[in-house]
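Asks: Can you look at this prediction? I've put the sequence above it.
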Amino acid sequence: MASVTANSGNEEHLDLADMRRRLTAIFIGSVGNLVEWYDFYAYAAFALYFAGAFFPNSDPVVQQLNAALLFAAGFLVRPLGGWLFGHLADHHGRRGALMLSVGLMCFGSLMIAVTPTYASIGILAPVLLAIARIIQGLSLGGEYGTSATYLTEMADQRHRGFYSSFQYVTLIGGQITALLVLLVLQKVFLTNDQIREWGWRIPFVIGALLAVVALIMRRNLHETDAFEAARTVARRTSSLAALARHPREVALVVGLTAGGTAAFYTYTTYMQKFLKLSVGLTDDQTTTVTLASLMFGMILQPIYGTISDRIGRKWLLIGFGVSGVLFTIPLLTTLQSVKGPWPAFLLIAAAWMIVAGYTSINAVVKAELFPTNVRALGVGLPYALTVSIFGGTADSVALWFKSAGHESWFYYYLTGMIAISLVVYLFMRDTRTHSAMHRHE
């Protein structure tokens, strides 16, 4: 009897130790993810201030369009980052790939912080800015697939949706941090003219320093049990050859991502410009409304992730698809005509209640599609390709329609993208009950 009691005590101790190890790893992985996304989105948050320094033009819409095109350029190289870091993560471990990605992001942020303006070095200024964005794009292309894989593999099966939702908690948290830095600079330290003149460099210096901290923290990450188990059974083959054995899963990642990523970037990176240029809010009101709506969206992520652990992933995706098709045009049309920050916030919050059906679980759904030895690449590469085409270009497409005098056409474009993904959601299997998480090849 004493022996049984002792064994039970040991098992309980092991369970607690294992839970502590998992939570620590998820926390460190999430913090690093937050820093990466802060660095990447500091560009979007401060584009209203530094666009004139790199793209001299009297028309603010044209300046923002040029800045948005460089924002999109950071997305165009993400597939290369998804392939490179996916290969590293699947062949050499998740930990090393995560460390390399945050180190690369540090370099890109520091480069933006010290790049001279167009007035100082002419055309070389936007060229250097473009190179820095490409470096950041490579980093983030690798970060998404690797961190999604890491967080999902570290979570226990019953709470996988909840824990993996923290990828978007920290992703949105990075955007919030960038906006908080902007708000503090606006309200406490600098005038808008000072931010436009030189203060826009501050967030990129902060980002580089935070990336160093994240790099140090990631040195202590544990490798996942799934990768260690797969290491002994995985066949030696090239990454792309291994991925080619899963064409259905790759097509699913593309299909389920297209509408969701277009909606996500509409209500995050583009929304700041939309509130300023279309709704007509002041700089302070634009920052405050964007910040408040992002906080609301962040809170929704673990709630929706927990729901997916109870009812499955598929129903949340279908809910996003149906609601997005029905309400995108009315929401954006009404938002364009509102007066004041409070109704603008309520409308964007309503949009977040729709979009969270995708953002909260898209990482776990993709990770559950692939076996361990090709999971990071399977999640990262097709996702990065899709985001490059439909997510990173949302700013540019919307601003192009606006500059052409047909802003409302973008609302129909976004609705169409969500409708395409809805078709995929309706016919895919629920990955909570049809998961490849414990399969190795």
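Replies: Arrived safely.
Asks: so F296 makes contact with A349?
Replies: Yes - with contact taken as C-beta atoms under 8 Å, F296 and A349 are classed as touching, separated by 4.9 Å. (Glycine included, C-beta is placed from N, CA and C.)
Asks: Show me where the protein dips below the pLDDT cut-off.
Replies: Within the chain, the set of residues satisfying pLDDT under 70 comprises 1-19, 57-74, 225, 227, 230-239, 434-441.
Asks: Point to the residue nearest the middle of it.
Replies: L171 (5.0 Å; C-alpha atoms, centre = their mean).
Asks: is it true that that one touches Y38?
Replies: No - using C-beta under 8 Å, L171 makes no contact with Y38, being 9.7 Å away.
Asks: Please point out which parts of stretch 179-196 sit buried.
Replies: Buried positions in stretch 179-196, judged by neighbour count with 16 or more other C-beta atoms under 10 Å: 179-183, 185-186, 190, 195-196.
Asks: Show the end-to-end separation of that stretch, please.
Replies: 15 Å (C-alpha to C-alpha, to the nearest Å).
Asks: Now do that stretch: distance to the chain's middle.
Replies: 25 Å (C-alpha atoms, centre = their mean, to the nearest Å).
Asks: Which residue ranges of the stretch 251-400 of the chain form helices?
Replies: Listed in chain order, the helices of the stretch 251-400 of the chain (DSSP state H, counting those that start in this stretch) span 271-274, 283-311, 313-337, 341-359, 362-367, 375-386, 394-403.
Asks: Kindly reformat the ones you listed as JSON lines containing mean neighbour count and distance to A125.
Replies: JSON lines is the format used below for those (neighbours: other C-beta atoms under 10 Å; distance: least, C-beta to C-beta, whole Å):
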{"stretch": "helix 271-274", "mean neighbour count": "25", "distance to A125": "21"}
{"stretch": "helix 283-311", "mean neighbour count": "20", "distance to A125": "24"}
{"stretch": "helix 313-337", "mean neighbour count": "19", "distance to A125": "34"}
{"stretch": "helix 341-359", "mean neighbour count": "21", "distance to A125": "33"}
{"stretch": "helix 362-367", "mean neighbour count": "28", "distance to A125": "36"}
{"stretch": "helix 375-386", "mean neighbour count": "29", "distance to A125": "27"}
{"stretch": "helix 394-403", "mean neighbour count": "22", "distance to A125": "20"}
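Asks: To G103, which of those lies closest?
Replies: Of all the helices of the stretch 251-400 of the chain, helix 375-386 sits nearest to G103, with 17.4 Å by C-beta to C-beta.
Asks: now the helices of the stretch 251-400 of the chain as a markdown table including distance to R158?
Replies: Putting those into a markdown table (distance: least, C-beta to C-beta, whole Å) gives the following:
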| stretch | distance to R158 |
| --- | --- |
| helix 271-274 | 35 |
| helix 283-311 | 7 |
| helix 313-337 | 14 |
| helix 341-359 | 21 |
| helix 362-367 | 13 |
| helix 375-386 | 20 |
| helix 394-403 | 35 |
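Asks: quick one, which of those is nearest to G141?
Replies: Using C-beta to C-beta as the measure, helix 375-386 is the one of those that comes nearest G141, at 4.6 Å.
Asks: Packing partners of the closest one?
Replies: helix 78-92, helix 124-154, helix 239-243, helix 247-265, helix 362-367 (3 or more C-beta pairs under 8 Å, 6 or more residues apart in numbering; DSSP states H and E).
Asks: Roughly how far does the residue nearest to the centre of the chain sit from I307?
Replies: Per C-beta to C-beta, to the nearest Å, L171 is found 19 Å from I307.
Asks: Equivalent analysis for E368, please.
Replies: From E368 across to I307, the span is 16 Å (C-beta to C-beta).
Asks: Is T152 in contact with V365, as I believe?
Replies: No - with contact taken as C-beta under 8 Å, T152 and V365 are classed as non-touching, separated by 9.6 Å.
Asks: tell me the secondary structure for R429?
Replies: Here R429 takes the coil state, with states given by DSSP: H, G, I helix; E, B strand; the rest coil.
Asks: picking that back up, mark which of the buried residues of stretch 179-196 are part of strands, please.
Replies: The strands, defined by DSSP state E, take in nothing from these.
Asks: State the pair within those residues that is farthest apart.
Replies: The span of those, defined through C-beta to C-beta, is set by L180 and R196 at 19.0 Å.
Asks: My guess is D39 contacts I135. True?
Replies: No - applying C-beta under 8 Å as the test, D39 and I135 come out as separate, 10.5 Å apart.
Asks: which one of those two has more residues nearby?
Replies: Neighbours were counted for D39 and for I135 using other C-beta atoms under 10 Å; D39 has more, 30 against 22.
Asks: Sticking with that one, tell me its helix or strand.
Replies: helix 2-54 (DSSP states H and E).
Asks: about what we covered before: which one of the helices and strands packed on helix 375-386 is the most hemmed in?
Replies: A comparison of the helices and strands packed on helix 375-386 by mean neighbour count, using mean count of other C-beta atoms under 10 Å, puts helix 362-367 on top with a mean of 28.
Asks: helices and strands around that one, which ones?
Replies: Counting contacts by 3+ C-beta pairs under 8 Å, 6+ apart, helix 362-367 is packed against helix 124-154, helix 160-164, helix 166-184, helix 247-265, helix 313-337, helix 375-386.
Asks: For those, give me JSON lines that also has distance to I420.
Replies: Listed next are the helices and strands packed on helix 362-367 as JSON lines, based on distance: least, C-beta to C-beta, whole Å:
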{"stretch": "helix 124-154", "distance to I420": "21"}
{"stretch": "helix 160-164", "distance to I420": "24"}
{"stretch": "helix 166-184", "distance to I420": "21"}
{"stretch": "helix 247-265", "distance to I420": "6"}
{"stretch": "helix 313-337", "distance to I420": "9"}
{"stretch": "helix 375-386", "distance to I420": "11"}
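Asks: Out of the ones you listed, the one nearest T433 is which?
Replies: T433 lies closest to helix 313-337 among the helices and strands packed on helix 362-367, at 9.2 Å (C-beta to C-beta).
Asks: relative to helix 247-265, how tilted is the closest one?
Replies: Using axes from the mean of the first three to the mean of the last three C-alpha atoms, to 10 degrees, the direction of helix 313-337 lies 30 degrees away from that of helix 247-265.
Asks: so which of the helices of the stretch 251-400 of the chain comes closest to Y144?
Replies: Smallest distance to Y144 across these (C-beta to C-beta): 5.8 Å, for helix 375-386.
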